[in-house]
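Participant: requesting a structural model of the entry that follows:
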Amino acid sequence: PNIKTYSALISACEKSGQWQRAFDVLQMMLDAGLTPNVITCSALISVCEKAGQWERALGMLDMMQLAGLTPDVVTYNALISACEKGAQCDEAFKVYDMMAVAECKPDTITYNALIRSCGKSGELARALQVFKLMETQGIEPDVFTFTALLQACETSREWKTAFELYCSMDENKSVPIDCALYNSLLSTLWMNGQFSSAMKELNRALEAGLYPQAKEPMGRPFDGGVNLALDLHDFAYGSALARTVMWLCELHSQTTQKHKLPSQMVIITGWGRHSKTGSSTVKDTIQLFLSELNSPFTVPLDNKGRFVAATEEVLSWLESMVLSSPDPENKLFTTLCNKSISESVVQKHRLIDDNQTSQLEEKTSVRKNLSDGKRGKNSNYESESKLKDFAFVDDGVPTHQTNAQAITASVRDLEDFTVVQLRQICRENKMRGYSKWNKSELVLNLKEFEPSL
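Facilitator: Here you go, the predicted structure:
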(Lines give C-alpha, C1' and ligand atoms only; values in the text may rest on other atoms or scores of the structure.)
Protein backbone atom coordinates (compact mmCIF):
# COMPACT_ATOMS: atom_id res chain seq x y z
CA PRO A 1 0.00 0.00 0.00
CA ASN A 2 1.07 3.58 -0.61
CA ILE A 3 0.43 6.77 1.37
CA LYS A 4 -2.86 7.29 -0.50
CA THR A 5 -4.13 3.89 0.60
CA TYR A 6 -3.26 4.51 4.24
CA SER A 7 -4.80 7.99 4.10
CA ALA A 8 -8.01 6.43 2.77
CA LEU A 9 -8.02 3.99 5.70
CA ILE A 10 -7.56 6.87 8.15
CA SER A 11 -10.41 8.81 6.53
CA ALA A 12 -12.62 5.74 6.84
CA CYS A 13 -11.76 5.48 10.54
CA GLU A 14 -12.56 9.18 10.98
CA LYS A 15 -16.01 8.83 9.48
CA SER A 16 -16.84 5.91 11.79
CA GLY A 17 -15.37 7.57 14.90
CA GLN A 18 -12.70 4.90 15.44
CA TRP A 19 -9.73 7.07 16.42
CA GLN A 20 -7.75 4.19 17.98
CA ARG A 21 -7.85 2.26 14.72
CA ALA A 22 -6.69 5.36 12.83
CA PHE A 23 -3.53 5.37 14.93
CA ASP A 24 -3.09 1.66 14.23
CA VAL A 25 -3.08 2.59 10.54
CA LEU A 26 -0.46 5.26 11.27
CA GLN A 27 1.70 2.60 12.91
CA MET A 28 1.26 0.43 9.82
CA MET A 29 2.59 3.29 7.70
CA LEU A 30 5.62 3.75 9.90
CA ASP A 31 6.38 0.02 9.97
CA ALA A 32 6.13 -0.03 6.17
CA GLY A 33 8.84 2.64 6.02
CA LEU A 34 6.47 5.36 4.76
CA THR A 35 6.50 8.94 6.05
CA PRO A 36 3.09 10.56 6.64
CA ASN A 37 2.51 13.76 4.68
CA VAL A 38 0.56 16.89 5.64
CA ILE A 39 -2.71 15.43 4.35
CA THR A 40 -2.26 12.25 6.40
CA CYS A 41 -1.40 14.17 9.56
CA SER A 42 -4.31 16.59 9.08
CA ALA A 43 -6.65 13.61 8.69
CA LEU A 44 -5.33 12.12 11.95
CA ILE A 45 -5.79 15.45 13.74
CA SER A 46 -9.34 15.57 12.41
CA VAL A 47 -9.90 12.05 13.81
CA CYS A 48 -8.69 13.27 17.22
CA GLU A 49 -10.87 16.35 16.98
CA LYS A 50 -14.05 14.39 16.40
CA ALA A 51 -13.18 11.96 19.21
CA GLY A 52 -12.40 14.73 21.74
CA GLN A 53 -8.74 13.63 21.93
CA TRP A 54 -7.22 17.11 21.99
CA GLU A 55 -3.93 16.02 23.57
CA ARG A 56 -3.32 13.46 20.86
CA ALA A 57 -4.17 16.11 18.25
CA LEU A 58 -1.46 18.38 19.66
CA GLY A 59 0.84 15.38 19.71
CA MET A 60 0.34 15.05 15.97
CA LEU A 61 1.58 18.64 15.59
CA ASP A 62 4.78 17.65 17.42
CA MET A 63 5.12 14.71 15.08
CA MET A 64 4.72 16.94 12.02
CA GLN A 65 7.40 19.32 13.26
CA LEU A 66 9.79 16.43 13.90
CA ALA A 67 9.13 15.16 10.38
CA GLY A 68 9.85 18.58 8.91
CA LEU A 69 6.27 18.99 7.67
CA THR A 70 4.67 22.44 7.50
CA PRO A 71 1.08 22.55 8.83
CA ASP A 72 -1.42 24.43 6.70
CA VAL A 73 -4.59 26.32 7.65
CA VAL A 74 -6.62 23.07 7.53
CA THR A 75 -4.25 21.49 10.04
CA TYR A 76 -4.39 24.45 12.41
CA ASN A 77 -8.19 24.67 12.16
CA ALA A 78 -8.53 21.00 13.08
CA LEU A 79 -6.20 21.56 16.06
CA ILE A 80 -8.20 24.54 17.31
CA SER A 81 -11.45 22.59 16.89
CA ALA A 82 -9.94 19.69 18.84
CA CYS A 83 -9.08 22.07 21.70
CA GLU A 84 -12.56 23.56 21.50
CA LYS A 85 -14.24 20.16 21.77
CA GLY A 86 -11.98 19.35 24.72
CA ALA A 87 -12.96 22.64 26.45
CA GLN A 88 -9.35 23.84 26.28
CA CYS A 89 -9.82 27.49 25.38
CA ASP A 90 -6.28 28.62 26.32
CA GLU A 91 -4.76 25.79 24.26
CA ALA A 92 -6.89 26.86 21.28
CA PHE A 93 -5.45 30.37 21.47
CA LYS A 94 -1.93 28.96 21.77
CA VAL A 95 -2.49 27.16 18.46
CA TYR A 96 -3.79 30.43 17.00
CA ASP A 97 -0.59 32.14 18.14
CA MET A 98 1.42 29.38 16.43
CA MET A 99 -0.36 30.25 13.18
CA ALA A 100 0.83 33.84 13.44
CA VAL A 101 4.42 32.72 14.07
CA ALA A 102 4.22 30.36 11.09
CA GLU A 103 2.70 33.16 8.97
CA CYS A 104 -0.31 30.97 8.22
CA LYS A 105 -3.31 33.19 7.49
CA PRO A 106 -6.44 32.28 9.52
CA ASP A 107 -9.83 32.07 7.84
CA THR A 108 -13.49 32.15 8.90
CA ILE A 109 -13.31 28.54 10.11
CA THR A 110 -10.39 29.45 12.38
CA TYR A 111 -12.26 32.27 14.08
CA ASN A 112 -15.51 30.29 14.33
CA ALA A 113 -13.65 27.56 16.24
CA LEU A 114 -12.07 30.15 18.56
CA ILE A 115 -15.47 31.73 19.25
CA ARG A 116 -17.00 28.32 20.02
CA SER A 117 -14.10 27.59 22.36
CA CYS A 118 -14.69 30.88 24.21
CA GLY A 119 -18.40 30.15 24.41
CA LYS A 120 -17.90 26.72 25.96
CA SER A 121 -15.61 28.27 28.58
CA GLY A 122 -18.17 30.98 29.39
CA GLU A 123 -15.86 33.72 28.09
CA LEU A 124 -18.33 35.85 26.12
CA ALA A 125 -16.16 38.98 26.23
CA ARG A 126 -13.28 37.04 24.68
CA ALA A 127 -15.58 35.65 22.00
CA LEU A 128 -16.73 39.17 21.10
CA GLN A 129 -13.09 40.27 20.89
CA VAL A 130 -12.43 37.49 18.38
CA PHE A 131 -15.45 38.65 16.38
CA LYS A 132 -14.11 42.23 16.29
CA LEU A 133 -10.71 40.88 15.24
CA MET A 134 -12.40 39.16 12.30
CA GLU A 135 -13.92 42.45 11.21
CA THR A 136 -10.60 44.26 11.61
CA GLN A 137 -8.87 41.72 9.37
CA GLY A 138 -11.60 41.90 6.75
CA ILE A 139 -12.75 38.30 7.20
CA GLU A 140 -16.45 37.89 6.50
CA PRO A 141 -18.48 36.14 9.23
CA ASP A 142 -20.94 33.44 8.19
CA VAL A 143 -23.99 31.84 9.79
CA PHE A 144 -21.73 29.59 11.88
CA THR A 145 -19.97 32.67 13.28
CA PHE A 146 -23.22 34.16 14.55
CA THR A 147 -24.49 30.78 15.77
CA ALA A 148 -21.29 30.39 17.82
CA LEU A 149 -21.69 33.91 19.23
CA LEU A 150 -25.32 33.27 20.19
CA GLN A 151 -24.33 29.99 21.82
CA ALA A 152 -21.70 31.91 23.81
CA CYS A 153 -24.43 34.33 24.90
CA GLU A 154 -26.64 31.38 25.85
CA THR A 155 -23.90 29.86 28.03
CA SER A 156 -23.25 33.22 29.70
CA ARG A 157 -27.00 33.95 30.03
CA GLU A 158 -26.58 37.29 28.21
CA TRP A 159 -29.88 37.50 26.36
CA LYS A 160 -29.59 41.23 25.58
CA THR A 161 -26.26 40.76 23.79
CA ALA A 162 -27.72 37.78 21.93
CA PHE A 163 -30.71 39.79 20.75
CA GLU A 164 -28.52 42.73 19.68
CA LEU A 165 -26.32 40.40 17.63
CA TYR A 166 -29.33 38.80 16.02
CA CYS A 167 -30.92 42.16 15.17
CA SER A 168 -27.70 43.48 13.61
CA MET A 169 -27.46 40.35 11.49
CA ASP A 170 -31.14 40.47 10.54
CA GLU A 171 -30.83 44.10 9.43
CA ASN A 172 -27.95 43.72 6.98
CA LYS A 173 -29.34 40.46 5.49
CA SER A 174 -25.79 39.39 4.64
CA VAL A 175 -25.98 36.04 6.45
CA PRO A 176 -28.74 33.46 5.85
CA ILE A 177 -30.49 32.41 9.04
CA ASP A 178 -31.00 28.71 9.80
CA CYS A 179 -32.70 26.72 12.57
CA ALA A 180 -29.41 26.13 14.46
CA LEU A 181 -28.98 29.90 14.83
CA TYR A 182 -32.61 30.32 15.83
CA ASN A 183 -32.29 27.53 18.38
CA SER A 184 -29.48 29.43 20.13
CA LEU A 185 -31.44 32.69 20.06
CA LEU A 186 -34.70 31.12 21.28
CA SER A 187 -32.99 29.12 24.03
CA THR A 188 -31.19 32.23 25.29
CA LEU A 189 -34.39 34.31 25.33
CA TRP A 190 -36.60 31.56 26.79
CA MET A 191 -34.31 30.39 29.57
CA ASN A 192 -33.87 34.02 30.67
CA GLY A 193 -37.62 34.61 30.97
CA GLN A 194 -38.04 36.65 27.77
CA PHE A 195 -41.11 34.66 26.76
CA SER A 196 -42.88 37.25 24.58
CA SER A 197 -39.76 37.99 22.54
CA ALA A 198 -39.07 34.28 22.16
CA MET A 199 -42.63 33.61 20.95
CA LYS A 200 -42.42 36.46 18.45
CA GLU A 201 -39.18 35.12 16.99
CA LEU A 202 -40.47 31.54 17.01
CA ASN A 203 -43.49 32.62 14.97
CA ARG A 204 -41.17 34.32 12.48
CA ALA A 205 -39.08 31.17 12.20
CA LEU A 206 -42.14 28.97 11.66
CA GLU A 207 -43.53 31.31 9.00
CA ALA A 208 -40.13 31.33 7.26
CA GLY A 209 -40.21 27.51 7.13
CA LEU A 210 -37.11 27.00 9.27
CA TYR A 211 -38.86 24.23 11.22
CA PRO A 212 -40.82 22.42 8.48
CA GLN A 213 -41.77 19.44 10.65
CA ALA A 214 -43.31 21.68 13.31
CA LYS A 215 -44.83 24.39 11.11
CA GLU A 216 -48.52 23.54 11.62
CA PRO A 217 -49.88 25.32 14.75
CA MET A 218 -51.76 22.22 15.87
CA GLY A 219 -49.05 19.78 14.83
CA ARG A 220 -49.12 17.45 11.84
CA PRO A 221 -51.49 14.51 11.25
CA PHE A 222 -49.86 11.30 12.39
CA ASP A 223 -50.56 7.56 12.03
CA GLY A 224 -53.03 8.09 9.19
CA GLY A 225 -54.64 11.12 10.83
CA VAL A 226 -55.66 9.25 13.98
CA ASN A 227 -53.17 11.21 16.08
CA LEU A 228 -51.89 14.78 16.10
CA ALA A 229 -48.12 15.10 16.53
CA LEU A 230 -45.77 17.89 17.55
CA ASP A 231 -42.37 17.06 16.03
CA LEU A 232 -39.42 18.59 17.93
CA HIS A 233 -36.59 16.91 16.01
CA ASP A 234 -35.13 20.20 14.71
CA PHE A 235 -35.23 21.98 18.08
CA ALA A 236 -32.78 22.50 20.93
CA TYR A 237 -33.89 22.30 24.56
CA GLY A 238 -34.91 25.97 25.02
CA SER A 239 -36.60 26.35 21.64
CA ALA A 240 -38.34 22.99 22.19
CA LEU A 241 -39.84 24.31 25.42
CA ALA A 242 -41.07 27.43 23.60
CA ARG A 243 -42.65 25.39 20.81
CA THR A 244 -44.30 22.98 23.27
CA VAL A 245 -45.84 25.86 25.23
CA MET A 246 -47.10 27.41 21.99
CA TRP A 247 -48.59 24.07 20.93
CA LEU A 248 -50.35 23.43 24.25
CA CYS A 249 -51.86 26.93 24.24
CA GLU A 250 -53.08 26.38 20.68
CA LEU A 251 -54.67 23.07 21.69
CA HIS A 252 -56.56 24.76 24.50
CA SER A 253 -57.76 27.58 22.26
CA GLN A 254 -59.14 25.04 19.79
CA THR A 255 -61.27 23.43 22.48
CA THR A 256 -62.90 26.76 23.32
CA GLN A 257 -63.80 27.07 19.63
CA LYS A 258 -65.34 23.57 19.69
CA HIS A 259 -63.00 22.19 16.99
CA LYS A 260 -62.93 18.42 16.63
CA LEU A 261 -59.58 16.90 17.49
CA PRO A 262 -58.02 13.45 17.00
CA SER A 263 -58.29 10.93 19.83
CA GLN A 264 -54.60 11.01 20.80
CA MET A 265 -51.81 13.61 21.11
CA VAL A 266 -48.16 12.81 20.38
CA ILE A 267 -44.98 14.80 21.13
CA ILE A 268 -42.02 13.48 19.12
CA THR A 269 -38.57 14.25 20.50
CA GLY A 270 -36.38 11.36 19.36
CA TRP A 271 -34.29 9.47 21.89
CA GLY A 272 -30.74 10.45 20.94
CA ARG A 273 -29.88 7.66 18.52
CA HIS A 274 -27.37 9.91 16.71
CA SER A 275 -25.97 11.62 19.80
CA LYS A 276 -22.56 10.77 21.28
CA THR A 277 -24.08 10.00 24.69
CA GLY A 278 -26.97 7.92 23.37
CA SER A 279 -29.54 10.23 24.99
CA SER A 280 -31.55 13.27 23.91
CA THR A 281 -31.35 16.59 25.75
CA VAL A 282 -34.62 17.67 24.11
CA LYS A 283 -36.41 14.51 25.26
CA ASP A 284 -35.05 14.80 28.81
CA THR A 285 -35.98 18.50 29.00
CA ILE A 286 -39.54 17.98 27.73
CA GLN A 287 -39.96 15.02 30.09
CA LEU A 288 -38.92 17.21 33.04
CA PHE A 289 -41.31 19.94 31.95
CA LEU A 290 -44.28 17.60 31.50
CA SER A 291 -43.52 15.88 34.80
CA GLU A 292 -43.34 19.22 36.63
CA LEU A 293 -46.83 19.99 35.29
CA ASN A 294 -48.23 16.55 36.26
CA SER A 295 -49.27 16.04 32.64
CA PRO A 296 -51.00 12.89 31.34
CA PHE A 297 -48.26 12.34 28.73
CA THR A 298 -46.29 9.10 29.05
CA VAL A 299 -43.54 7.34 27.10
CA PRO A 300 -44.93 4.28 25.26
CA LEU A 301 -43.08 0.98 25.60
CA ASP A 302 -42.73 0.54 21.84
CA ASN A 303 -41.09 3.95 21.16
CA LYS A 304 -39.03 5.81 23.76
CA GLY A 305 -38.61 8.83 21.47
CA ARG A 306 -42.11 10.21 21.99
CA PHE A 307 -44.79 11.11 24.56
CA VAL A 308 -48.44 10.16 24.07
CA ALA A 309 -51.69 10.95 25.83
CA ALA A 310 -55.43 10.70 25.16
CA THR A 311 -56.80 13.99 23.81
CA GLU A 312 -59.58 14.18 26.43
CA GLU A 313 -57.06 13.81 29.24
CA VAL A 314 -54.82 16.51 27.74
CA LEU A 315 -57.69 18.98 27.39
CA SER A 316 -58.92 18.34 30.95
CA TRP A 317 -55.38 18.81 32.25
CA LEU A 318 -54.97 22.12 30.39
CA GLU A 319 -58.34 23.37 31.66
CA SER A 320 -57.42 22.52 35.24
CA MET A 321 -54.29 24.71 34.92
CA VAL A 322 -56.38 27.58 33.58
CA LEU A 323 -58.76 27.38 36.55
CA SER A 324 -55.92 27.31 39.08
CA SER A 325 -53.79 30.07 37.50
CA PRO A 326 -53.46 33.41 39.34
CA ASP A 327 -53.14 35.35 36.05
CA PRO A 328 -56.66 36.45 34.99
CA GLU A 329 -55.69 37.51 31.45
CA ASN A 330 -53.35 34.87 30.09
CA LYS A 331 -53.64 32.07 32.58
CA LEU A 332 -52.39 29.05 30.68
CA PHE A 333 -49.49 30.78 28.91
CA THR A 334 -48.18 32.27 32.17
CA THR A 335 -48.41 28.96 34.02
CA LEU A 336 -46.67 27.01 31.29
CA CYS A 337 -43.89 29.58 30.86
CA ASN A 338 -43.14 29.81 34.57
CA LYS A 339 -43.09 26.04 34.98
CA SER A 340 -40.74 25.61 31.99
CA ILE A 341 -37.99 27.57 33.74
CA SER A 342 -38.87 26.72 37.33
CA GLU A 343 -35.92 26.16 39.64
CA SER A 344 -36.50 22.41 39.83
CA VAL A 345 -36.63 22.02 36.03
CA VAL A 346 -33.51 24.16 35.49
CA GLN A 347 -31.55 22.34 38.20
CA LYS A 348 -32.56 18.93 36.84
CA HIS A 349 -31.67 20.06 33.33
CA ARG A 350 -28.19 21.07 34.48
CA LEU A 351 -27.86 17.70 36.23
CA ILE A 352 -28.82 15.95 32.96
CA ASP A 353 -26.16 17.97 31.11
CA ASP A 354 -23.56 17.01 33.71
CA ASN A 355 -24.59 13.34 33.61
CA GLN A 356 -24.46 13.24 29.81
CA THR A 357 -21.00 14.85 29.86
CA SER A 358 -19.88 12.27 32.42
CA GLN A 359 -21.34 9.45 30.29
CA LEU A 360 -19.44 10.71 27.26
CA GLU A 361 -16.20 10.94 29.24
CA GLU A 362 -16.79 7.46 30.69
CA LYS A 363 -17.44 5.96 27.24
CA THR A 364 -14.28 7.59 25.90
CA SER A 365 -12.31 6.26 28.86
CA VAL A 366 -13.72 2.74 28.49
CA ARG A 367 -12.91 2.69 24.76
CA LYS A 368 -9.37 3.87 25.51
CA ASN A 369 -8.85 1.24 28.23
CA LEU A 370 -10.19 -1.55 26.02
CA SER A 371 -8.02 -0.41 23.14
CA ASP A 372 -4.90 -0.16 25.32
CA GLY A 373 -5.65 -3.60 26.72
CA LYS A 374 -5.76 -5.08 23.22
CA ARG A 375 -2.45 -3.49 22.31
CA GLY A 376 -0.62 -4.97 25.32
CA LYS A 377 1.93 -3.69 27.78
CA ASN A 378 4.65 -3.16 25.18
CA SER A 379 2.55 -0.84 23.04
CA ASN A 380 3.79 2.67 22.41
CA TYR A 381 0.22 3.85 23.15
CA GLU A 382 0.84 3.39 26.88
CA SER A 383 2.54 6.76 26.84
CA GLU A 384 0.12 9.58 27.59
CA SER A 385 2.52 12.14 26.17
CA LYS A 386 2.09 13.71 22.75
CA LEU A 387 3.17 10.68 20.68
CA LYS A 388 6.83 11.28 21.48
CA ASP A 389 7.59 7.65 20.61
CA PHE A 390 7.40 8.57 16.94
CA ALA A 391 10.96 9.77 16.23
CA PHE A 392 12.29 10.94 12.89
CA VAL A 393 15.80 11.29 11.47
CA ASP A 394 16.92 14.29 9.43
CA ASP A 395 15.81 12.86 6.10
CA GLY A 396 12.25 12.37 7.37
CA VAL A 397 12.34 8.56 7.61
CA PRO A 398 10.70 7.17 10.77
CA THR A 399 13.20 5.40 13.04
CA HIS A 400 10.72 4.01 15.58
CA GLN A 401 10.15 0.28 14.95
CA THR A 402 7.69 -2.03 16.78
CA ASN A 403 6.11 -5.41 16.24
CA ALA A 404 3.61 -4.48 13.51
CA GLN A 405 2.06 -7.96 13.43
CA ALA A 406 0.72 -7.68 16.98
CA ILE A 407 -0.42 -4.08 16.68
CA THR A 408 -2.11 -4.25 13.29
CA ALA A 409 -3.62 -7.74 13.39
CA SER A 410 -7.16 -6.41 13.86
CA VAL A 411 -6.75 -3.75 11.17
CA ARG A 412 -5.28 -5.94 8.46
CA ASP A 413 -8.44 -8.07 8.48
CA LEU A 414 -10.78 -6.18 6.18
CA GLU A 415 -13.71 -8.02 7.74
CA ASP A 416 -13.34 -5.73 10.75
CA PHE A 417 -14.27 -2.67 8.70
CA THR A 418 -17.84 -1.57 8.06
CA VAL A 419 -19.37 -1.41 4.58
CA VAL A 420 -19.16 2.39 4.67
CA GLN A 421 -15.45 2.24 5.48
CA LEU A 422 -14.74 -0.35 2.79
CA ARG A 423 -16.54 1.74 0.17
CA GLN A 424 -14.56 4.79 1.28
CA ILE A 425 -11.32 2.86 0.62
CA CYS A 426 -12.61 1.82 -2.82
CA ARG A 427 -13.57 5.40 -3.64
CA GLU A 428 -10.18 6.79 -2.60
CA ASN A 429 -8.51 4.20 -4.86
CA LYS A 430 -10.83 5.09 -7.77
CA MET A 431 -12.24 1.58 -8.04
CA ARG A 432 -15.41 1.14 -10.09
CA GLY A 433 -18.69 -0.56 -9.31
CA TYR A 434 -18.11 -0.69 -5.54
CA SER A 435 -21.42 1.02 -4.67
CA LYS A 436 -23.30 -2.13 -5.73
CA TRP A 437 -21.09 -4.58 -3.81
CA ASN A 438 -22.06 -6.14 -0.50
CA LYS A 439 -19.50 -6.54 2.28
CA SER A 440 -18.15 -9.91 1.06
CA GLU A 441 -17.72 -8.56 -2.46
CA LEU A 442 -16.02 -5.42 -1.15
CA VAL A 443 -13.51 -7.46 0.86
CA LEU A 444 -12.83 -9.82 -2.05
CA ASN A 445 -12.31 -7.05 -4.61
CA LEU A 446 -10.10 -5.00 -2.28
CA LYS A 447 -7.86 -7.98 -1.63
CA GLU A 448 -7.59 -8.55 -5.37
CA PHE A 449 -6.86 -4.86 -5.93
CA GLU A 450 -4.22 -4.72 -3.17
CA PRO A 451 -3.03 -8.21 -2.11
CA SER A 452 -1.16 -6.88 0.96
CA LEU A 453 -4.51 -5.97 2.52
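Participant: can you list the neighbours in contact with the helix or strand in which M99 is found?
Facilitator: Applying DSSP states H and E as the criterion places M99 in helix 89-101. With CB atoms under 8 Å, 6 or more residues apart in numbering as the test, helix 89-101 has contacts from 54, 58, 61, 73, 76, 79-80, 83-84, 105-106, 110, 113-114, 117-118, 120-121, 123, 126. For every residue, glycine as well, the C-beta is placed using N, CA and C.
Participant: now that helix, how far from the centre of its chain.
Facilitator: Centroid separation for helix 89-101 versus its chain: 23 Å, with CA atoms, centre = their mean, to the nearest Å.
Participant: pLDDT on it, on average?
Facilitator: The average of the pLDDT scores along helix 89-101 is 92.
Participant: quick check: next helix or strand after it?
Facilitator: Counting by DSSP H and E, what follows helix 89-101 is helix 108-120.
Participant: mind checking the SS state of L230?
Facilitator: Recorded secondary structure, L230: strand (DSSP: H, G, I helix; E, B strand; the rest coil).
Participant: typo on my end, I286
Facilitator: Per three-state DSSP, I286 ends up helix.
Participant: could you check how far E319 is from M199?
Facilitator: E319 sits 22 Å away from M199, taking CB to CB, to the nearest Å as the criterion.
Participant: ok, these two, which is more surrounded?
Facilitator: For E319 versus M199, neighbours defined as other CB atoms under 10 Å are more numerous around M199 (20 against 14).
Participant: name the helices or strands packed onto the one helix or strand the more buried one maps to?
Facilitator: Element membership of M199, judged by DSSP H and E, is helix 195-207. Contacts defined by 3 or more CB pairs under 8 Å, 6 or more residues apart in numbering; DSSP states H and E place helix 195-207 against helix 179-191, helix 237-256.
Participant: tell me what angle the helix holding M99 forms with helix 108-120.
Facilitator: Relative orientation of helix 89-101 and helix 108-120, computed by axes from the mean of the first three to the mean of the last three CA atoms, to 10 degrees: 160 degrees.
Participant: now do the contacts for A309.
Facilitator: If a contact means CB under 8 Å, 6+ apart, then A309 has 264-265, 295-298 as its contacts.
Participant: so it, which state does it fall into?
Facilitator: strand.
Participant: that one pairs with what?
Facilitator: Counting by DSSP bridges, A309 is bridged to M265.
Participant: measure it to L336 for me?
Facilitator: For A309, the distance to L336 (CB to CB) stands at 15 Å.
Participant: ditto for W19
Facilitator: 44 Å.
Participant: between the two, which has more neighbouring residues?
Facilitator: A count of neighbours by other CB under 10 Å puts W19 above the other of W19 and L336, at 26 against 22.
Participant: find the nearest non-adjacent residue to that one, please.
Facilitator: Once flanking residues are discounted, W19 sits nearest to A51: 3.9 Å by CB to CB, 6 or more residues apart in numbering.
Participant: what is the burial count for the one you found?
Facilitator: A count of nearby residues for A51, using other CB under 10 Å, gives 24.
Participant: hang on, L133 packs against Y111?
Facilitator: Yes - between L133 and Y111 a contact is recorded at 7.2 Å, counting by CB atoms under 8 Å.
Participant: neighbour-wise, which of those two wins?
Facilitator: With neighbours defined as other CB under 10 Å, L133 and Y111 compare such that Y111 has more, 25 against 14.
Participant: surely the more buried one is in contact with V130?
Facilitator: Yes - counting by CB under 8 Å, Y111 touches V130, with 5.7 Å between them.
Participant: now the helices and strands packed on helix 195-207 in TSV, with mean neighbour count and distance to Q27?
Facilitator: Compiled in TSV, the helices and strands packed on helix 195-207 are given as follows (neighbours: other CB atoms under 10 Å; distance: least, CB to CB, whole Å):
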stretch	mean neighbour count	distance to Q27
helix 179-191	25	38
helix 237-256	21	42
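Participant: need those helices in TSV with distance to L290 and mean pLDDT, can you?
Facilitator: TSV is the format used below for these (distance: least, CB to CB, whole Å; pLDDT from 0 to 100):
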stretch	distance to L290	mean pLDDT
helix 179-191	16	90
helix 237-256	8	86
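Participant: which of the ones you listed sits closest to V47?
Facilitator: Taking CB to CB, helix 179-191 is the member of the helices and strands packed on helix 195-207 nearest to V47, at 24.1 Å.
Participant: good, we can wrap up now.
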